[in-house]
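*Asks:* everything below, folded, please.
(one chain, ligands or ions: 1)
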Amino acid sequence: MVKIQPPFHIRIADPTDRHPPPKTRGLRRCLHRSAVTLARNVLRRFAIAAPAPMVHVWHVPLRLIFAPSHRACSRAGRILPALLAGLVLLAGCGGQPPAPPKPAAPAAPAVPAYTYQIVHTWPHDRGAFTQGLIYLDGNFLETTGLNGSSSLRRVEPQTGRVLQKVGLPAEFFGEGMTVLADKIFQLTWQNQKGFIYRLDTFAPVGEFAYTGEGWGLTTDGQALILSDGTERIRFLDPATFQVTRTISVMYQGQFLQMLNELEWIKGEIWANVWQTNFVARISPADGKILGLIDFTGLLAPGDRTADTDVLNGIAYDATGDRIFVTGKNWPKLFEVRVVPR
Ligand SMILES: [Ca+2]
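*Replies:* Numbers count the residues shown, from 1 in each chain. Below you'll find the model as predicted:
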């Protein structure tokens with residue numbers, strides 16, 4: 001058991017980024033807004049040219065993405081600018097990051113920390129802004145986002161070739177996807193509408209509605225399991241789409257937010273934590289964090305371009321017990337082995 005105290009790698013992009021943070025209340029919005037403003041000011045102060053869109057990676061203490069509650073926003077809005085200013089100015093001056101603030105709560109039990117080994121590298125479409133990924137019957141099913149280029153596709157692993165594809169109308173920003181009972185279920189980000197397709201032909205067979213945002217989707221074989229960018233994970237009845245239960249994901253007594261693409265792996269829910277290199281292993285019973293996997297370094301710097309986005313997309317081959325991970329606009333998709341750190 002290892003107590004995890006890494007810095008999260010928070011990717012701060014300006015509001016013209018093609019996948020800006022959702023317009024919801026909470027600490028993450030405060031963090032984003034504050035960081036973008038400060039990043040701009042600091043870049044201006046040090047006369048540093050910013051690429052377009054402006055993208056920077058800051059090393060932010062892990063606890064900053066955990067919110068004691070949504071009501072923390074106003075308080076965080078006052079605290080974060082000062083804290084981030086300190087971090088940014090120190091970085092600009094070549095100093096060391098300040099010591100993280102002392103936690104207010106008593107120390108909670110540590111969770112297992114994991115890292116990874118690359119088993120095999122597969123090609124992946126650099127133009128695929130991956131939002132949902134599963135492995136089924138020898139191929140990947142993948143959904144992609146962005147208005148005007150959202151899609152559902154069947155992909156041949158060995159070549160990355162798209163074997164089958166349907167697009168969404170430009171008003172929809174595609175999100176997570178899963179398969180249950182020979183039907184494909186696909187979320188959209190803010191349209192509160194999901195699409196249902198036949199598994200074999202991709203022919204549309206229905207739609208469904210849900211409240212709030214749609215981010216990740218998976219299934220335990222009974223329910224549709226949906227993340228919405230908060231700490232909540234909802235279980236939906238696949239026939240009525242009513243919420244049957246909800247869990248809140250907790251880490252050391254605090255909410256873990258920004259839960260994104262999901263995968264059901266051997267009785268656990270695995271979730272990409274948006275804007276980080278971490279995947280959380282979550283208990284579907286109570287939302288407890290069972291482990292954190294650090295995928296830092298998975299995509300080599302030489303494989304990155306200006307369009308390369310965050311880690312996103314977990315798939316599991318239950319037959320072969322294989323785990324696959326990729327990212328938005330990544331040129332590669334990796335089969336990985338998860339090992340204790
Ligand atoms: Ca998945």
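*Asks:* my read is Gly302 is in a helix, agree?
*Replies:* Yes - using DSSP: H, G, I helix; E, B strand; the rest coil, the assignment for Gly302 is a helix.
*Asks:* can you give me the neighbour number for it?
*Replies:* 6 (other CB atoms under 10 Å). (C-beta placed from N, C-alpha, C; glycine too.)
*Asks:* which residues are in contact with it?
*Replies:* By CB atoms under 8 Å, 6 or more residues apart in numbering, the contact set of Gly302 is empty.
*Asks:* what's the spacing between it and the ion?
*Replies:* For Gly302, the distance to the ion equals 27 Å [CB to the ion, to the nearest Å].
*Asks:* give me the pLDDT value at Thr121.
*Replies:* Thr121 is assigned a predicted lDDT (pLDDT) of 98.
*Asks:* on the strand side of things, show who the residue of the chain found nearest the ion bridges to.
*Replies:* As assessed by CB to the ion, the ion sits closest to Glu263 within the chain, at 3.9 Å. For Glu263, the beta-bridge partners under DSSP bridges are Trp270.
*Asks:* for this structure, which residues are neighbours of the ion?
*Replies:* Along the chain, the residues adjacent to the ion under the rule CB under 5 Å from the ion are Leu133, Glu263, Ile314.
*Asks:* biggest strand in this protein by residues?
*Replies:* strand 113-123 (DSSP state E).
*Asks:* report the buried residues of that strand.
*Replies:* By neighbour count with 16 or more other CB atoms under 10 Å, strand 113-123 contains the buried residues Ala113, Tyr114, Tyr116, Trp122.
*Asks:* residues making contact with that strand?
*Replies:* Contacts of strand 113-123 (CB under 8 Å, 6+ apart): 2, 4, 157-160, 281, 291-295, 298, 322, 324-325, 331-341.
*Asks:* switch to 6 Å and redo it
*Replies:* 2, 4, 157, 160, 291-295, 332-341 (CB atoms under 6 Å, 6 or more residues apart in numbering).
*Asks:* as PDB, could you dump the C-alpha coordinates of that strand?
*Replies:* Provided in PDB are the C-alpha atoms of strand 113-123 (Å, rounded to 0.1, in the frame of the first residue of the first chain):
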ATOM      1  CA  ALA A 113      -0.900   3.100  -6.400                       C
ATOM      2  CA  TYR A 114      -0.400   1.500  -9.800                       C
ATOM      3  CA  THR A 115       1.800   2.200 -12.900                       C
ATOM      4  CA  TYR A 116       1.800   0.400 -16.200                       C
ATOM      5  CA  GLN A 117       3.800  -1.600 -18.700                       C
ATOM      6  CA  ILE A 118       3.200  -1.400 -22.400                       C
ATOM      7  CA  VAL A 119       2.400  -4.800 -23.800                       C
ATOM      8  CA  HIS A 120       1.700  -3.800 -27.400                       C
ATOM      9  CA  THR A 121       1.300  -0.600 -29.400                       C
ATOM     10  CA  TRP A 122      -1.500  -0.300 -32.000                       C
ATOM     11  CA  PRO A 123      -2.100   2.500 -34.500                       C
END
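*Asks:* following it, which helix or strand comes up?
*Replies:* strand 130-136 (DSSP states H and E).
*Asks:* who's in contact with that next one?
*Replies:* So strand 130-136 is contacted by 141-143, 145, 174-177, 312-313, 315, 317, 326, 328 (CB under 6 Å, 6+ apart).
*Asks:* considering these, which possesses the most neighbours?
*Replies:* In terms of neighbours by other CB under 10 Å, the contacts of strand 130-136 top out with Gly176 at 32 neighbours.
*Asks:* which SSE is that residue in?
*Replies:* strand 174-180.
*Asks:* following that strand, which helix or strand comes up?
*Replies:* Next in line after strand 174-180, if elements are assigned by DSSP H and E, sits strand 183-188.
*Asks:* so which elements touch that next one?
*Replies:* Helices and strands touching strand 183-188, by 3 or more CB pairs under 6 Å, 6 or more residues apart in numbering; DSSP states H and E, are strand 174-180, strand 193-198.
*Asks:* ok, which of these comes nearest Trp274?
*Replies:* strand 174-180 (11.6 Å; CB to CB).
*Asks:* can you list the strands that that closest one pairs with?
*Replies:* strand 183-188 (antiparallel).
*Asks:* which parts of the partner strand are buried?
*Replies:* Ile184, Phe185, Gln186, Leu187, Thr188.
*Asks:* returning to what we had before: Ile247 is nearest to which of the helices and strands packed on strand 183-188?
*Replies:* Nearest of the helices and strands packed on strand 183-188 to Ile247, taken as CB to CB: strand 174-180 at 16.6 Å.
*Asks:* no further questions, thank you.
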